Every structure is written in C-alpha cells, then in structure tokens.
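Engineer: below is the structure, and that's it, no one-letter string:
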C-alpha cells in the first residue's frame, strides 16, 4: 500500500519539486497550501505576501500539472498565536526574534503534522534544503543539504523527534540549479519563479512599522540613546526600531561609526558603543532542543551558528545547572543578539540549538 504524504506547497519551485519527486518515488501525494496570514484578525487593511492568492494559485496549478489532489487549509489562528504574537512580544522586550524558526516548529510542523495524521497521512513534506537521517543511536537528526549556499538546517534545529520521524525533505539532496532544471523538465509552471527573500508577513521589511501597528497601546515610546556609562547621547524612536549590531538609522552626530550594543526595555534606553563592544567569546542560550543526542551530559566541541547568515565557528558547549547552555567560542563572535537562535552542529548533523539570552 502506498504511503500517503501531505506536501506543504507555497507555490514556489522548491516545494513544487518536492511534490514532484515524491510522486515519482511512488508516494500518494496530496498538496496543501497553508493559509496562515489572511484571517489573523489584523488591523484593517493589513496585508502580507501570504495573504495574496498568488501562492495558492501557483500551487494549485502545479498540483494540476502533477495530477495530485490539492487543498488550502486554514492555519491562521496558529500562525497568529505562535508567530505574530511571539514576534511582536519579543521586540517589545528588546529582543530580536526569528519568526521563521517559531513558524517551523509550531505551524509548519506541529499544526500541519497534526492535521495530516488526522487525515491518515504517514508523512508531511516540505521543500526545505535539508536532509533527515536516522543515526546509529536511533535518533533522528537534520543533516546539512547538498548545497551549502541554500542550506536551511539552522532554521530547523527546533523540530522534535516525533516530527522528524514523520517528515520527508526530498530537495535537500539537490543543488538549486538542479531543482529548477527538474521543474522545467517536468513542465511545472513555477520553474522560473524567483525565491522569496523577506519575512512573509513584513514584505516591505519595515519591522518597526509592523510592530507599531500590531502593538497598539503597548508601542514603546521614544527614549534615550546612552553610552556604556549611562550618559545621554540623544533620542531614539522606540526600542522596537533597533537590534544589536545596528549602525544605520541611528541619526547620532558622533563623528565616528557607532553601533547598538544593548537594548534596555526596563529603562527604555538603547546603548551605543564601538564595534569592538559587539564581540564576545561566550554565548548563553535557553529553551534548548537537542536533536542528534538526548541530552548534553558533558562538555562537547561543536560548530555553532549564532544567526542564519553567520558562517559559523567552533565552540565548546556545556550545560548549566539551570538547564541553559553556554557556548564558549574559540574566537570572538560578533553581535550575538538576545532572541536570535544559536544552532550547534556535530559534523554534518544538527546536534541542537536554543534561543540566545546573553
């Protein structure tokens, strides 16, 4: 009997080819576009790229070309609760969240998998550039994709063993150019569709403006820029306009390049310092999800990434008494921002990761 798989189809080339490959492998494939943004109860007139019908229309055209069933499923409440509210709340606390990681964990996997299993599916599948492996210790782990430039494993460290056991990621074995070539050969109508770059619900990249509209009365007021000694340097627009390491848009007549080195929601202050103030050897994280191992019982030497586009560096990780994990890097890393994620690798495999707190 054919195994049934629900493929999350965004209307892009990667998820379309994922559906194509799984059908070629003999799976009973069902295409699903997740409606995550249109019905979120947003302020009147608010919209984002996921509200658009374009993605669903393109996914429907691909499903028709492949001869597979296709459905649009509403996950807007899960998206609002786990992504939008989280994103806004973190910025209000002076942190810099990664909404894609929250979306992967709680919406694209937890919610979709639950829906899929209830419909009798054996697996869900996505177009992520990553691979899943069963290790000798019996655990599932994310493995780096074939193509380093498109590797998306950093954003997937938070997936659980149950989720990984029911997930397929077929495009992780291919280069991007090969994926587009397959789409063209298969006659898929999205073969030349460009990749999306921005956060889906902030298509204009104006995070602060989006947060201001969503936060209502909680919008942070203007406050003081201060130096590391607390001396006032000028006025800022509100802490949601800034992140650690930021240089542009400060509008401070300092006569030299200065950077955001700290955000203090309790005092409504943004700390300004020098580039060298942004470097540290130690990064502390919490809410750690271990993947290739069950738990961290002794210090380990691993490869760590403190944000998606960080090239990564070697560090030693050790579990603290409170359950947090301290990563001590061999060389200082720059602008480790609270709220962002740190992902740990052992060779090609994701060992785990957590949310940076310091």
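Structural biologist: Sure thing, it's come through. Here the structure is a predicted model, which is why all the values come from computation and not from measurement.
Engineer: what sits against residue 264?
Structural biologist: 94, 239, 270-271 (C-beta atoms under 8 Å, 6 or more residues apart in numbering). From N, CA and C alone the C-beta is placed, and that goes for glycine too.
Engineer: switch the cut-off to 7 Å
Structural biologist: By C-beta atoms under 7 Å, 6 or more residues apart in numbering, the residues touching residue 264 are 94, 271.
Engineer: kindly report the same for the one 10 residues further on.
Structural biologist: With contacts taken as C-beta under 7 Å, 6+ apart, residue 274 has the following neighbours: residue 258.
Engineer: quick one: pLDDT of it?
Structural biologist: At residue 274, the pLDDT value in this model is 96.
Engineer: how near is the nearest residue to residue 332 once chain neighbours are set aside to residue 167?
Structural biologist: Nearest non-adjacent residue to residue 332, counting by C-beta to C-beta, 6 or more residues apart in numbering: residue 279, 3.9 Å away. According to C-beta to C-beta, to the nearest Å, residue 279 and residue 167 sit 37 Å apart.
Engineer: same deal with residue 125?
Structural biologist: 7 Å.
Engineer: just give me the neighbour total for the residue nearest to residue 332.
Structural biologist: Residues lying near residue 279 (other C-beta atoms under 10 Å) number 13.
Engineer: cool, the one 5 residues further on as well?
Structural biologist: When neighbours are counted by other C-beta under 10 Å, residue 284 registers 19.
Engineer: wait, it sits on residue 357?
Structural biologist: Yes. Under the criterion of C-beta atoms under 7 Å, residue 284 makes contact with residue 357 at 5.4 Å.
Engineer: the lowest-mean-pLDDT helix or strand in the chain: how far from the chain's middle?
Structural biologist: Here the helix or strand of the chain ranked lowest by mean pLDDT, DSSP states H and E is helix 207-215, holding a mean of 88. Centroid displacement of helix 207-215 relative to its chain, using C-alpha atoms, centre = their mean, to the nearest Å, is 19 Å.
Engineer: so what secondary structure elements neighbour the following helix or strand past that helix?
Structural biologist: Once the chain leaves helix 207-215, the next helix or strand it forms, by DSSP states H and E, is strand 223-226. Judged by 3 or more C-beta pairs under 7 Å, 6 or more residues apart in numbering; DSSP states H and E, the packing partners of strand 223-226 are strand 232-236, strand 269-273.
Engineer: and the residue nearest to residue 268 when sequence neighbours are not counted, what does it touch?
Structural biologist: Counting by C-beta to C-beta, 6+ apart, residue 223 is the residue found nearest to residue 268 once chain neighbours are left out, at 3.6 Å. Counting by C-beta under 7 Å, 6+ apart, residue 223 touches 236, 268-269.
Engineer: does residue 223 have beta-bridge partners, and which?
Structural biologist: Per DSSP bridges, the residues bridged to residue 223 are residue 236.
Engineer: mind checking pLDDT for it?
Structural biologist: With respect to pLDDT, residue 223 has a value of 96.
Engineer: then residue 40?
Structural biologist: Listed pLDDT for residue 40 reads 40.
Engineer: between the helices and strands packed on strand 223-226, which one is closest to residue 175.
Structural biologist: Smallest distance to residue 175 across the helices and strands packed on strand 223-226 (C-beta to C-beta): 41.4 Å, for strand 269-273.
Engineer: in the lengthiest strand in the chain, what's buried?
Structural biologist: Longest strand in the chain by number of residues (criterion: DSSP state E): strand 279-290. For strand 279-290, the neighbour count (16 or more other C-beta atoms under 10 Å) marks 280, 283-285, 288-290 as buried.
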